[in-house]
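pasted the sequence and its predicted model underneath.
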Amino acid sequence: MFKILRVDMTSQTVAWQDVPAEYQGLGGRGLTSAIVAKEVDPTCSPIGPLNKLVIAPGLLGGTNCANSGRVSVGAKSPLTGGIKEANSGGQAGQYLAKLGVAAIVVEGQAPADKLFKLVLGKDKAEIKAADHLKGLGNYATVEKLAETYGSKVGYCSIGQAGEYKLTGASVAFTDQELRPTRHAGRGGLGAVMGSKGLKAIVIDPTHGSAAPLADPEAFKKAAKRFAKALAEHPVTSGGLPAYGTDILINILNEAGGLPTRNFSSGRFEGAEKVSGETLNEVTIKRGGNPTHGCMGGCVIRCSGIYHDAKGEYVSKWPEYETVWAWGPNCGIDDLDAIARIDRLCDDFGVDTIEIGCAMAVAMEGGLLKFGDVAGAEKILTEVGKGTPLGRILGSGTGAMGHVFGVRRVPVVKNQSLPAYDPRAVKGIGVTYATSPMGADHTAGYSVTANILSVGGKVDPLKAAGQVELSRGLQAATAAIDTAGLCLFVAFAVLDIPDAFAAIVDMLNAKYGLKLTGDDVGKLGGQILGMEKDFNVRAGLNNADDRLPDFFKFEKLPPHGVVFDVPDSELDKTFIF
C-alpha cells in the first residue's frame, strides 16, 4: 500500500498518510503538480514556509519495466515564480517505490541556520540534525553520509548553492556508484530544499519489495514488448548508448540550430571538438566507460563515465545541454574543461544549463571574453564560496543580464533557454514559450520531428504546424513523466506503435485498470491544465508565454531566420 510521507520541518515531525482520493492514479510529475497546485498558495514566497517540496516516483516505479526509475521533484519555483517539476535519474525513484512511498511532502521551515537530514527506510522515517554537513558540496556530503549509512542506500542532497538559496540551485541524486551526478536541475528547486533546512535525504531500500502487480503475467508480457521496442529503435539502442546525448552537437550544428556565443549564431566552428563522437573516442582511449546507466533498470545506458588524461574519474559524461551551455554557447571547445565544469556544477548543486547560459551572458556583458576557459572556471568556483559574484552567477541568466546590462538575455519566465535555437527549431520555440515550466526542452521535445525525423517531420524553419506539434508533445511528456519513464523512451514510442501500447498495458496490469491510449493522452492534458491554472493564479499570463523579442527581429546565421510563430497562435497551444 503506497503512502505519502509528510515531513514538517517546523515541528520536526513526520507522518504517514494514505493517498487521498484526489491524488489517486497519479505519480511522478502528475502527483507533484497535483499536490503543489492544491496545497501551495500560488502567491507565496518560494523560499518561505508556505511553499512545499514534493518528491515522487512514477506510476511504474518499483517494477521491472525498463527505464522506469525516474523521480520528480516539484514546488513553486524560486526562478520562474510558477509551478515547477524537475526530473532526475539515479536510484531514488526505484528505492522510494520499493518502500511504498508515493511521495515525500516537505512542509514548513526549520529554525534559521539549522540543517537536518531525513533518514527513510521501510515503514520508518526520522529527522536528524545535520549541521556537520553545512557548507559541504554534494560529493563531500555523500561521502560523509556513506560513512554512517553505507553504500546500499540512495542519497538526495543539496550543495552550497541550495544552502545559499540561489535560484539556479539543483537537487542531487546519487547514481548506482553513489556519485551525486543525477540532478533535478531546473527551476531552482534546490533553493526550496535549502529553505526548508533539509540538507539531505537517506533512502534505505532494505526490506523493500517490488511494487504489487494486479496481473503479474500481463505485466511481464507488456514489459518485454516495451524493452524490445527500445532495443530495436536505432536511437535508443545505438546512438545514445554509443555517444550519449552529446550526439546532438554535430546534428544541431549541421542544422544551423546550435546556439553559439549567447545565441548570436546557429553554428560553432569548434563543434567537432566537443561532439559525442569525440567524447566517445576520448573516453575509450582513456579507459572510461562510454555505456553506463544512470539508474538501475536502464537499458539505454547513455550516461558514460569521463576520465581525464591520467585515466582518473572526473564526472559522468556531460549531457548535450551541458556541453552546449559551457561549450558553443560560451565559445569553448575543450571537452576536458567542460567535464571539470560539469563536476563543479554537480558538486555545488547548480543547473548546468542555467549557470552556463548565465556565464555566456556575463561574457557578452564584458565580465570575460568568449572562449576564456580559465576565467569561466575561476568565476564558477565563486558559487561554492558564496561570494557576491558567485551568488549572482548562481542566481541564473536573468539575474546576470540585469546586473551587466545585457539586452540579449535568453530566458522565458526567467528560466534560460536550453541548447536549441528557436529560430532554427521553431517547434521547440513554441515549447519554450508556452510550457508552464518556463523555457524547458524536456517539456515538449519537438526536436524529434523538427530535426531528427522521429514521429514524423515538420519543417523546423517554418511556422506552420509547430503549435500542434508542441501541444501534442507537451501532453505526451506530462504523461511519460507521470509514469516515471525516462524521456528518451519517447524515440521508440513515437516510431513504434507497440511501445506506447505496452506502456498502457503495463499501467493496466499494475493497477488493475482498463485504460486506453486516449485515456493516457488525456491525463497529460489534465496535468498541463493543473499547472497552467497554478501559474495563472500566481500572476502569470499570456505575456509570460513569449520568447524574448530579439528572437523576433535578430536573424540567425546561417539561415537568416527569425522566430515568426504568431503570438495569437502561441495562445492557442493549450486548447486541447
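That came through, no problem. The shown structure was predicted, so the numbers you read here are calculated from the model rather than taken from an experiment.

okay, now the domains of this protein?
Taking automatic domain parsing as the domain assignment, the ranges for the chain are 3-203, 223-570.

please work out which of these is packed deepest.
Highest mean neighbour count among the domains of the chain (mean count of other C-beta atoms under 10 Å): domain 3-203, with a mean of 23. Yep, even glycine has a C-beta here, placed from its N, CA and C like the rest.

ends of that domain, what's the gap?
End-to-end distance of domain 3-203 (C-alpha to C-alpha, to the nearest Å): 15 Å.

again, but for stretch 340-356
13 Å.

can you check stretch 298-309 too?
28 Å.

ditto for stretch 196-212
Its first and final residues considered, stretch 196-212 spans 33 Å by C-alpha to C-alpha.

now do the same for residue 576: its pLDDT.
As predicted, residue 576 sits at a pLDDT of 66.

ok, residue 70 to residue 101 distance?
Distance of residue 70 to residue 101, computed by C-beta to C-beta, to the nearest Å: 15 Å.

name the element the residue of the chain most remote from its centre belongs to?
Using C-alpha atoms, centre = their mean, the residue of the chain lying farthest from its centre is residue 217. It sits 33.1 Å away. Element membership of residue 217, judged by DSSP states H and E, is helix 216-232.

quick one: contacts of that helix?
Residues outside helix 216-232 that contact it (C-beta atoms under 8 Å, 6 or more residues apart in numbering): 63-67, 213, 236-237, 299-300, 489, 492-493, 496, 498-499, 501-503, 505-506, 508-510.

so for it, what's the average pLDDT?
96.

with stretch 277-290 instead?
For stretch 277-290, mean pLDDT is 93.

just the C-alphas of it, formatted as CSV.
In CSV, the C-alpha atoms belonging to stretch 277-290 read as follows (Å, rounded to 0.1, in the frame of the first residue of the first chain):
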residue,chain,number,x,y,z
GLU,A,277,31.8,11.2,-31.5
THR,A,278,34.9,12.9,-29.9
LEU,A,279,33.5,12.3,-26.4
ASN,A,280,33.3,8.6,-27.2
GLU,A,281,36.7,8.4,-28.8
VAL,A,282,38.4,10.2,-25.8
THR,A,283,36.5,8.1,-23.3
ILE,A,284,37.6,4.8,-24.8
LYS,A,285,41.2,6.0,-25.2
ARG,A,286,41.4,6.9,-21.5
GLY,A,287,39.7,3.8,-20.2
GLY,A,288,36.4,5.4,-19.3
ASN,A,289,33.1,3.8,-19.8
PRO,A,290,31.1,5.0,-22.8
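
renumber starting at 487 from here on
Noted, 487 is the first residue going forward, which turns the last one into stretch 763-776.

that one: how far from the chain's middle?
25 Å (C-alpha atoms, centre = their mean, to the nearest Å).

what does stretch 600-610 give?
24 Å.

next one: stretch 858-868
Between the centre of stretch 858-868 and the centre of its chain there are 24 Å (C-alpha atoms, centre = their mean).

contacts for that stretch, please.
For stretch 858-868, the surrounding residues in contact (C-beta under 8 Å, 6+ apart) are 812, 816, 818, 820, 823, 826-827, 830-831, 834, 841, 845, 848-849, 853-855, 875-876, 879.

swap the cut-off to 7 Å and go again
Defining contact as C-beta atoms under 7 Å, 6 or more residues apart in numbering, one finds that stretch 858-868 is touched by 816, 818, 820, 823, 826-827, 830, 845, 854, 875-876, 879.

turn the domains of the chain into a markdown table, including distance to residue 695.
Output for the domains of the chain, formatted as a markdown table (distance: least, C-beta to C-beta, whole Å):
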| stretch | distance to residue 695 |
| --- | --- |
| domain 489-689 | 6 |
| domain 709-1056 | 14 |
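
residue 1034 is in contact with residue 919, correct?
No. Taking C-beta atoms under 7 Å as the definition, residue 919 is not a contact partner of residue 1034, at 9.9 Å.

circling back to that earlier point, redo the contacts of stretch 858-868 as TSV? Include distance to residue 500.
TSV is the format used below for the contacts of stretch 858-868 (distance: C-beta to C-beta, whole Å):
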residue	distance to residue 500
816	44
818	45
820	47
823	43
826	39
827	38
830	34
845	40
854	47
875	39
876	34
879	36
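
save the residues you listed as TSV, and put in distance to residue 583 and secondary structure too.
Conversion of the contacts of stretch 858-868 to TSV gives the following (distance: C-beta to C-beta, whole Å; DSSP: H, G, I helix; E, B strand; the rest coil):
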residue	distance to residue 583	secondary structure
816	39	helix
818	39	coil
820	40	coil
823	38	helix
826	34	helix
827	33	helix
830	32	helix
845	37	helix
854	45	coil
875	41	helix
876	37	helix
879	36	helix
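
just name the shakiest helix or strand of this protein by mean pLDDT.
In the chain, no helix or strand scores lower on mean pLDDT, DSSP states H and E than helix 726-729, which sits at a mean of 90.

so how far is it off the chain centroid?
19 Å.

for the helix or strand following that helix, packing partners?
The helix or strand immediately downstream of helix 726-729 is helix 734-741, counting by DSSP H and E. Judged by 3 or more C-beta pairs under 7 Å, 6 or more residues apart in numbering; DSSP states H and E, helix 734-741 is in contact with helix 806-812.
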